[in-house]
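Chemist: This is a predicted model, with the sequence first.
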Amino acid sequence: MFASMPNFAEFYSEESVNKGGIECLRFLNEIISDYDQLLDDLRFQGSITKIKTIGATYMAASGLTNTDIYDPSVSIRQRWRHLDQLVRFALGLQEKLRALNEQSFNNFELRIGINHGPISAGVIGVRKPVSVYVFVCPVVRPFIR
């Protein structure tokens, strides 16, 4: 899942009133921290994994360790439960941003992309940065281009 605030770039300013952009980054940190708090919610613990943030874009995944999808004795509902949780997590992100918009008199939008299916992950290059993976699946490709 990608959740991006496309209008954050318009908000960001390195003017002196924003202390060279520090205040804008502080506010972005507040938003991302609120998103991260959702990961502690019992509904999402163990099912949603934060992958990384890139600017004002939040990347998360579900079902990365789900082996039930290959077990025919497990109901279809249970096999795809992680996808339901990912959608609920995305809705939670929207709610967090709505509340922050209301408190700060801003009007940030949240654009969310979700895909399901197999993924490939690995390290690109000679050295691996800490906790950085490249996921290649149909939902990622538009962001790479």
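Modeler: Yep, it's here.

Chemist: Not counting its neighbours along the chain, what's nearest residue 114?
Modeler: residue 1 (4.8 Å; Cβ to Cβ, 6 or more residues apart in numbering). Where C-beta positions appear, they are placed from N, C-alpha and C, glycine not excepted.

Chemist: what kind of secondary structure is the residue lying farthest from the centre of the chain in?
Modeler: In the chain, the residue that sits farthest from the middle, by Cα atoms, centre = their mean, is residue 73; the gap is 31.4 Å. Assigned state for residue 73: coil (three-state reduction, DSSP: H, G, I helix; E, B strand; the rest coil).

Chemist: tell me the pLDDT at it?
Modeler: For residue 73, the model assigns a pLDDT of 86.

Chemist: can you tell me which residues contact residue 92?
Modeler: Residue 92 makes contacts with 38, 41, 44, as judged by Cβ atoms under 8 Å, 6 or more residues apart in numbering.

Chemist: so how many other residues sit close to the residue nearest to residue 114?
Modeler: Residues near residue 1, counting by other Cβ atoms under 10 Å, number 21.

Chemist: CA-only coordinates of stretch 110-127, as CSV, when you get a sec.
Modeler: What follows is stretch 110-127, C-alpha atoms only, in CSV (Å, rounded to 0.1, in the frame of the first residue of the first chain):
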residue,chain,number,x,y,z
LEU,A,110,-4.4,11.3,0.9
ARG,A,111,-4.0,9.3,-2.3
ILE,A,112,-3.9,5.6,-1.5
GLY,A,113,-2.9,2.7,-3.8
ILE,A,114,-3.4,-0.9,-2.8
ASN,A,115,-2.5,-4.1,-4.7
HIS,A,116,-2.5,-7.7,-3.8
GLY,A,117,-0.7,-10.7,-5.2
PRO,A,118,2.8,-12.1,-5.1
ILE,A,119,5.8,-9.8,-4.6
SER,A,120,9.5,-10.0,-5.1
ALA,A,121,11.9,-8.3,-2.7
GLY,A,122,15.6,-8.0,-2.5
VAL,A,123,18.6,-5.7,-2.2
ILE,A,124,19.6,-3.7,-5.2
GLY,A,125,23.3,-2.8,-5.3
VAL,A,126,26.3,-4.0,-3.4
ARG,A,127,25.5,-2.7,0.0
